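*Asks:* just a sequence and a predicted model for now, questions to come.
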Number of protein chains: 2
Amino acid sequence: MVKVAILGYGTVGSGVYEIIRKNAASIKRKAGDEIDIKYILDIRDFENHEEKQLFTKNFDDILNDEEVKVVIEVMGGLNPAYDFSKAALLAGKHVVTSNKELVATHGTELLQIAQQMNRNYLFEASVGGGIPIIRPLNQCLAANEIEEIYGILNGTTNYILTKMVKEGASFDDALAEAQRLGYAERNPEADVEGHDACRKIAILASLASGKFVDYKNIPTEGITGITKSDVACAAKAGCVIKLVGYAKIEDDGKVFARVCPMAIPQTHQLADVNGVFNAILVHGDSIDDVMFYGRGAGKLPTASAVVADVIDSVKHIDSHIRLMWREVKENFMMDPEEVCSRYLIRSANADLAERFIKAEIVGEVGAETAFVTGPLKEKDMKEKLGSEGSFIRMLS
Amino acid sequence: MVKVAILGYGTVGSGVYEIIRKNAASIKRKAGDEIDIKYILDIRDFENHEEKQLFTKNFDDILNDEEVKVVIEVMGGLNPAYDFSKAALLAGKHVVTSNKELVATHGTELLQIAQQMNRNYLFEASVGGGIPIIRPLNQCLAANEIEEIYGILNGTTNYILTKMVKEGASFDDALAEAQRLGYAERNPEADVEGHDACRKIAILASLASGKFVDYKNIPTEGITGITKSDVACAAKAGCVIKLVGYAKIEDDGKVFARVCPMAIPQTHQLADVNGVFNAILVHGDSIDDVMFYGRGAGKLPTASAVVADVIDSVKHIDSHIRLMWREVKENFMMDPEEVCSRYLIRSANADLAERFIKAEIVGEVGAETAFVTGPLKEKDMKEKLGSEGSFIRMLS
């Protein structure tokens, strides 16, 4: 029997508890050993919990208990999650997490310690909630050079944008509805400003490139500026607007990453990913395109990804699963201003399109003319555009 | 350095060779060791091959060479693939395969031998070509009870049906086009009669249920009988026709599996999977729905799945990755006649719909009336229908 401890009894933590208890028999069959929860760490009281004896407020109870082999960090935030995770790994315990902020910030160090200790630091749940993506990227697609990885990484913003596209809602109304349904936080900044998607694409880009991509170096725009006119404009161009986390790995090892709203052609697989669903598309040199689709958040989907990592830790109780990126000193990030894209532009100046080669006018929205440009560098587009209109990048 | 041997230098075999040579550096980084091809077994001559010294026609060269740790069986067919795979495992070598027929027929025995020998028998490429599905099902979704798994498992038939649905082609014309493009074999029976999809859903159902599901017990219908009228009829009901491999695992452990053309609502994620693409949807108790999408066949996608398994074997060179189903004596397959579904029916008898509760007429196709029934057992539907019309099962 392998003893584990859960750090944090919030949404995900209680889901992990629930799944380990409910699916105990099949988990035992798959892990090859019984998994038992010995502690749950939380600063709050859970006097009415059916297993209240499991709760502790003192992390040292867990750290100093040699019987605990796997620590499940689902508290979120950088502190004390970082200290706890590091201490647990250094004590020879496996650590499993859903904490994207911690992985995106201190992942390199924690992965290194795990390797040195011959233990594992696993984080399937940190990206895409229940959608398997970290392990497929690390294992199933290992024979590929990953050239591109991108997708809809945040369910809250996708719910809001779906409302805006399908029902013509305004951003404010769609956000209010998302909050009412519990899909958005009271303070929605982390989601709507793109910070959440930014952490996730940083993790994916790090894994795909093998080099630590610091989320602080990823230009990030949220969806708070998206208007009904943008949505209408995109529709005229046969597109829908989605918040996309995007990363590209060039042949020379340079990495480009960005989070921003993009106009996606309706024929693209991502265009049909609606509501709180997420989808991640991987383009590898051998595999061509593969897409992973599912619920990117939620108690049980996220918890099931956490428990899958716990099972994997138990299967590798005395060994390290190769899962790594390295810190690279020199700057390998591409200058985003130098990156080529097509753009959907709208402007009150009906002649603006003439400044762009291969521009195609798609229609009028209010007093503005909308057109799609051919591919050009961002800095060149901005120079031509000046302050005469607004743009949305196109995915294609 | 780990030495491997490739059995069969056909489409997949040459793709495996190509990927191992081309991506040698990154494969080494991911596997933690260099992977080198020591032999290629093929009965044909490859005198002009740049590494012709690798070729042998004698399997014993490989079997008796202790340096060869991983055997890559990509020859297809039952014999001699079965004998070679078994002998290699018994000799303490890992075996990696893309051979769905062999896995679906002798998988139980080969998996057992692998376990006894503390080696691995891996078959990611046997289902979904390059799409990661076996490993996600076995690992990432391990915390779930899988309740349903189904999808578009055959690219050839999906190409043909897409042609029929999108362009109004007849089955014969669409098949001829698929053959011209190399998407269908000269003898297309294995694809168009559903045999290929049947082997694949048998493998998925076995993994999901943990019990060997014999493909011979899976009722299988192909697409040769699908007509323009069926397509038109489905369109009236807001559906497209796809060949679906379907498996359901009941709470009591009973398994239902079937391969047949189904009418899929246009709003369903699978409805947009077109051309040679495949997609597999998994419904787990915690995860809800997850979908995996990509190229289900083709030289490099399939070969990249094979090489991923080779990398995994190298990472577990002295250990067994738990991947298993067991043979169960008693019959656990549900009687397909007892299974409930909705049906899309067309009949020259305009009053036929009245025999069905909750039937909804969707329109006229030629001289026939098309309607959708409420859910009822297949045997009851057939009794009411008699010989007065034809039906297609609905996915919903």
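*Replies:* Received the coordinates, thanks. Numbers count the residues shown, from 1 in each chain, chains lettered A, B, ... in the order given.
*Asks:* for A:Gly296, give me the pLDDT.
*Replies:* On pLDDT, A:Gly296 comes in at 88.
*Asks:* count of neighbours near it?
*Replies:* 29 (other Cβ atoms under 10 Å in any protein chain shown). Placement of C-beta: from N, CA and C, glycine included.
*Asks:* just A:Gly225 next, same as before
*Replies:* A:Gly225 has 11 nearby residues by other Cβ under 10 Å.
*Asks:* can you pull the phi/psi pair for it?
*Replies:* Backbone geometry at A:Gly225, expressed as degrees, to the nearest 10, gives phi -90, psi 0.
*Asks:* spell out which parts of the stretch 51-200 of chain A neighbour chain B.
*Replies:* Listed as neighbours of chain B in the stretch 51-200 of chain A under the rule Cβ under 8 Å from any Cβ of the partner chain: A:124, A:130-132, A:135-136, A:138-145.
*Asks:* just those: which are in strands?
*Replies:* Among those, no member is found in strands (DSSP state E).
*Asks:* these: which two are farthest apart?
*Replies:* Of all pairs drawn from these, the greatest distance, 27.3 Å, lies between A:Gly130 and A:Glu145 (Cβ to Cβ).
*Asks:* these two - which one has more neighbours?
*Replies:* More crowded of A:Gly130 and A:Glu145, by other Cβ under 10 Å: A:Gly130, with 32 against 20.
*Asks:* that one: what's it in contact with?
*Replies:* Taking Cβ atoms under 8 Å, 6 or more residues apart in numbering or on different chains, we find A:Gly130 in contact with A:294-296, A:298, A:300-302, A:304-305, B:286-288, B:290.
*Asks:* quick one: the helices in the stretch 51-200 of chain A?
*Replies:* Ranges of helices within the stretch 51-200 of chain A are A:59-63, A:81-90, A:100-116, A:134-135, A:155-167, A:171-180, A:189-192, A:195-209, based on DSSP state H, counting those that start in this stretch.
*Asks:* average pLDDT across stretch A:53-72?
*Replies:* Average pLDDT, stretch A:53-72: 98.
*Asks:* which stretches of chain A have low pLDDT?
*Replies:* Along chain A, segments meeting pLDDT under 70 are nowhere present.
*Asks:* mind redoing it with 90?
*Replies:* A:26, A:29-30, A:32, A:138-143, A:267, A:296-298, A:319-324, A:357, A:396 (pLDDT under 90).
*Asks:* I'd like to know how many residues surround A:Ile37.
*Replies:* Neighbours of A:Ile37 (other Cβ under 10 Å): 17.
*Asks:* please report how far it lies from A:Ile72.
*Replies:* Going from A:Ile37 to A:Ile72 by Cβ to Cβ, to the nearest Å gives 9 Å.
*Asks:* where do the contact lists of those two overlap?
*Replies:* Contacts common to A:Ile37 and A:Ile72, judged by Cβ under 8 Å, 6+ apart, are A:4-6.
*Asks:* of those, just say which sits nearest to B:Ile218.
*Replies:* Distances from B:Ile218 to those, taken by Cβ to Cβ, are shortest for A:Val4, at 38.7 Å.
*Asks:* wait, doesn't that closest one sit right on A:Ile311?
*Replies:* No. Under the criterion of Cβ atoms under 8 Å, A:Val4 makes no contact with A:Ile311, lying 10.6 Å away.
*Asks:* what sits in contact with each of those two?
*Replies:* Here A:Val4 and A:Ile311 have A:Ile35 as joint contacts, going by Cβ under 8 Å, 6+ apart.
*Asks:* highest average neighbour count across the helices of the stretch 51-200 of chain A?
*Replies:* Across the helices of the stretch 51-200 of chain A, the average number of neighbours (mean count of other Cβ atoms under 10 Å in any protein chain shown) peaks for helix A:195-209, which reaches a mean of 27.
*Asks:* so which elements touch it?
*Replies:* Judged by 3 or more Cβ pairs under 8 Å, 6 or more residues apart in numbering or on different chains; DSSP states H and E, the packing partners of helix A:195-209 are helix A:100-116, strand A:146-152, strand A:239-249, strand A:255-265.
*Asks:* and the gap between the residue sitting nearest the centre point of chain A and chain B?
*Replies:* Central residue of chain A (Cα atoms, centre = their mean): A:Lys200, 3.0 Å from the mean position. Distance, A:Lys200 to chain B, by Cβ to the nearest Cβ, to the nearest Å: 17 Å.
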